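Chemist: Whatever this is, show me its structure:
(chains A and B)
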Amino acid sequence: MRYEPKPDFKEKIDSLLKDGEDAEEFWKTIETPLPKTMRCNTLKISPDKLKERLENKGWKISQPYNNKEIIVLEGSLNPGELGKSIEHLLGYYYIQEISSMMPILALQPKENDLLLDLCASPGSKTTQAAALMDNKGTIIANDVNIGRIAILAANTERVGATNIIITRHDAVQLCQKLKKINFYFDKILLDVPCSGEGNIRSNPATFKMWNKKVIEKLSRMQRKIAESAIPLLKEGGELIYSTCTHSPEENELNIQYLIENFDLKIEESQLPIKTRPGLVEWQGEKLNEKMKYAHRIYPQDNNTEGFFLCKMKKIS
Amino acid sequence: MKILRSSEKKRILKQLNEQFGIEKMLHLLLRFGKEKIRAFSGSLSADELITLDTYLRVESAGVYIAKQQEDGIRLTVDGVSLFKEQITKNILELTEEQAQEWFKGQDLLIQLDKNFKILKYKDELIGCGKSTGERIVNFMPKERRIKS
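Modeler: Numbers count the residues shown, from 1 in each chain, chains lettered A, B, ... in the order given. Here you go, the predicted structure:
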């Protein structure tokens, strides 16, 4: 079903992109289907071996980025074939959109880290972290919804991630409980629930559901989740705040609030795809100049979904 | 969640060795419910895991690798995958047609000795089934089956 963007949404995107041609490219890109992409699960197979196997099946694939784990399907497959292959069933790859691979590439969890993934389901980022950690260290992966927990568990099992502990709590309550038992983390991923403006290509119904009040409400909830999680970060620990939305109210304005109220500083991070700097000003409000180290991912830049992420470090 | 003592782990490893040739297991073993065995490789100590479970109730940890049954121990598809380099016994090679049936969740009409069998297709170990003498019973979870 086709939905039209609401005038307020269109206005917001146009003011974020400023340049008319760029905005036109944005609106054009989101009308096109998303490329099929996957991430090689290095817990089970190397990117080169997987490439060879998939090509032997007759699949046309490419690894266009400076990271061979990111695989793009160039040719077409029968409907559902990507999820039905023996390689998928055995957990050799995870069907994942490219922009959603970026938070973990920015966070770079290490083998012995203790990592908290507060809003983890369906587990694409959690399992990506487990692979980078080579099944060492520990990941606590949480989600609030029982149905989503089942999906998270099934995905972690399929990829053979043995260093993950799954819990089911409201994110804020989980943080309170973890604090009570003195659990502190080297890394935290806050991939918070958001308005999903970046997911319009895969979920055009977002156009219909979008409104300013929802964004205000989500922004408050996101701050609340972040406020609860930050005290759990060890000194020198690192945190990624990410959303699949473009709204500054859910992104830079929340980061600004967090760095003003907690001992956090924004960190630089390198990603293998084209990103744009975070906003240092929005609607007349000046923001921290280091906000430029945040990453804005627009669909027209890499033929992906839209995304936002910012890496922060706890100072004390 | 119950953390298995080393004597229990040894007993399970002995069983896995007798049935499938598995000789070593570096993971911490956890029991969920009466029969489900999970393997955890994380860095948390047994005490830390217990603390977490007491205060937070752990839904799951690590990977579900095996089920203890009266007639032996059955590896899950993920248990087979985890130990695929060590499995040497009770391997049954499948044709392409049989492998397709297996992935769809169907039992295989193959007459063999009554035992748990590891199913192999080409170079891959794709699961574990129970031979009843008349058929190989398929335990592939529904969400992992290929839908026809």
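
Chemist: Residue ranges in chain B under the pLDDT threshold?
Modeler: Along chain B, no part satisfies pLDDT under 70.

Chemist: buried ones in the lengthiest helix in it?
Modeler: In chain B, with assignment by DSSP state H, the single longest helix is helix B:6-20. Going by neighbour count (16 or more other CB atoms under 10 Å in any protein chain shown), the buried part of helix B:6-20 is B:9, B:12, B:16, B:17, B:19, B:20. Every residue, glycine included, has its C-beta placed from N, CA and C.

Chemist: of those residues, closest to residue A:72?
Modeler: Among the buried residues of helix B:6-20, residue B:20 lies closest to residue A:72 (CB to CB), at 38.1 Å.

Chemist: OK, contacts around the closest one?
Modeler: The contact partners of residue B:20, by CB atoms under 8 Å, 6 or more residues apart in numbering or on different chains, come to B:75, B:83, B:86, B:87, B:88, B:89, B:90, B:116, B:118.

Chemist: among these, who's most crowded?
Modeler: residue B:75 (26 neighbours; other CB atoms under 10 Å in any protein chain shown).

Chemist: isn't it right next to residue B:66, touching?
Modeler: Yes. With contact defined as CB atoms under 8 Å, residue B:75 reaches residue B:66; the gap is 5.2 Å.

Chemist: Return every residue with contacts to both of those two.
Modeler: Any residue near both residue B:75 and residue B:66 by CB under 8 Å, 6+ apart counts here, and that gives residue B:16.

Chemist: could the contacts of residue B:20 go into CSV alongside distance to residue A:185 and secondary structure?
Modeler: Shown next, in CSV, are these (distance: CB to CB, whole Å; DSSP: H, G, I helix; E, B strand; the rest coil):
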residue, distance to residue A:185, secondary structure
B:75, 33, strand
B:83, 31, coil
B:86, 34, coil
B:87, 36, coil
B:88, 41, coil
B:89, 42, coil
B:90, 43, coil
B:116, 40, strand
B:118, 39, strand
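
Chemist: among those, which two are most distant?
Modeler: The largest separation in those, counting by CB to CB, is between B:86 and B:116 at 15.3 Å.

Chemist: roughly how far apart are residue B:28 and residue A:149?
Modeler: Look at residue B:28 and residue A:149: by CB to CB, to the nearest Å, they are 22 Å apart.

Chemist: Can you list the buried residues in the longest helix belonging to chain A?
Modeler: Using DSSP H, we find that the single longest helix of chain A is helix A:212-229. For helix A:212-229, burial by neighbour count (16+ other CB under 10 Å) applies to A:215, A:218, A:219, A:221, A:222, A:223, A:225, A:226, A:228, A:229.

Chemist: Check which helices and strands that helix sits against.
Modeler: helix A:171-180, strand A:185-191, strand A:233-243, helix A:252-261 (3 or more CB pairs under 8 Å, 6 or more residues apart in numbering or on different chains; DSSP states H and E).
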